[in-house]
Structure formats: structure tokens, C-alpha cells
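1. prediction below, plus the sequence it came from.
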Amino acid sequence: MNGELAASVLLFDMDGTLVDSTASVERAWGRFAGRHGLDASAILAVAHGRPTIEVVTQFAPAGVDPVAETDRIESEEIDRTDGISEVPGSAALLGSLDPARWAVVTSATRALTLRRLEAVGIPLPKVLVAADDVVRGKPDPQPYLQAARALGFEASEAVVFEDAPAGLESARAAGAAPVVVGGYRGPAAEGLPRVPDMAAVRVRATDGGLAVSLC
């Protein structure tokens, strides 16, 4: 039992937090690696939670257009929703919340995010901050700062649910209170509360805010 956290708003990463897309993501990076003779395991070691174009730019050989390659990867992912599923409890939790009190903050593009959420039956957010909405993606704090302000609050008033180091670092840098979702236990998760999935989260309204229980 992790206890209870106070918040004004809740901010959720998507991949690994609301949607289990691990197999789909690994296949996409495997295809990218295969096209260019790269080591897929090296790419996967750093790709999770980061914008696709940043990873492509880091690994693409000289002469490869990062924008065109990113567009290809994103297009393939939008066309392939097989192998993705809801992280347990996600749809029920988000469906129970006031839409003005939560947002999705993701390193995926807006089109891919909406496709994945719809594919697994998760309510679409009133506020979505995607990779194409920011100049600097996770681990920079900009995505979480931007999402909180779009809801009318500061990030210091937010509880953030994240599964990856880049996102946890982004949330911390923004001044939010991160909660680890799933099994990541690296340095970025040290000392943070955690839940196995969204089924372990309970939220109730309080005077002017939210009380978040973590089981």
C-alpha cells in the first residue's frame, strides 16, 4: 500500500501506462533496424518513452532522412494495432474522472495516440499533449508543464503516472509528483510510489481537488 496523494489534476503517459504496446513498438524498431543494418537491442534500450524522431536521429545512418523515416515508422504503427491492449483498469479509471481534471502526455504523435486509445476502448482526453505539440520532448519538463497549464493548473499540483525513465525525469523536472506504473526499477524510479497497473488506483473528489489512493 502506497497511501494517498493529493492533487488538482492527473497526468497520464500512454504507452506502458494506459496502453500495452510493447510488442508493437518492438516490432516497429525491429523493422527500422533491419532496414538499416542496425542493432535493434541497442535501439530498444533507449527508445522507450522518447519521441520517435529523436531516436531515429540518434541511430539513423548518414544519408537517411530522419523526418521521412519517422513518418514511415509512425504510419506503420497507425496501420498496425494488433498486439496492443489496455493496461488493466485504464478505461474504467479515466471514464470515472472529470475530463477537466486529467490529460494524456505522450511521446507518441497525436494521430498515433488517438488511434491506440480508440483501439483499446480508452476514453479520449479533453487535453492531449503529444510529440507534435512540443518543441522539447521527455525527459524535458515541457510536456508536463504544458499539459497542467492547459488544464488551468501548475505541474506542481499534478500527480503523474509514468512507466519509463524519460517520463519520470520529465515529471520530476516539471515539479509534479510521479508514480511509477509497472516494473521499471532503474534510478529514475528510486524512492517513488508505484502501482502494477491502473486497476490499483482509486481517485475521489475532495474540496477543490483529488485524493489518489495507490493500492
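-> Received, thanks. Worth saying up front: this structure is predicted, and the values here are computed from it rather than measured.
2. drop to CA atoms for contacts and neighbour counts, all remaining ones
-> Noted.
3. show me the chain divided up by domain.
-> If you go by automatic domain parsing, the domain ranges for the chain are 3-21+84-214, 22-79.
4. any idea which of the ones you listed scores lowest on pLDDT?
-> Lowest mean pLDDT within the domains of the chain: domain 22-79, at a mean of 89.
5. end to end, how far does it reach?
-> 16 Å (Cα to Cα, to the nearest Å).
6. any idea which element the residue of the chain most remote from its centre lies in?
-> For the chain, the C-alpha lying farthest from the average C-alpha position belongs to Gly63; by Cα atoms, centre = their mean, that distance is 30.4 Å. Counting by DSSP states H and E, no helix or strand carries Gly63.
7. thinking again about what came up before, looking at the domains of the chain, which one is packed in the most?
-> The highest average neighbour count among the domains of the chain, using mean count of other Cα atoms under 10 Å, belongs to domain 3-21+84-214 at a mean of 20.
8. would you map the helices across this structure?
-> Counting by DSSP state H, the chain forms helices over residues 22-36, 40-47, 52-59, 66-79, 90-96, 110-119, 142-150, 165-174, given from the N-terminal end onward.
9. elements contacting the third one?
-> Contacts defined by 3 or more Cα pairs under 8 Å, 6 or more residues apart in numbering; DSSP states H and E place helix 52-59 against helix 40-47, helix 66-79.
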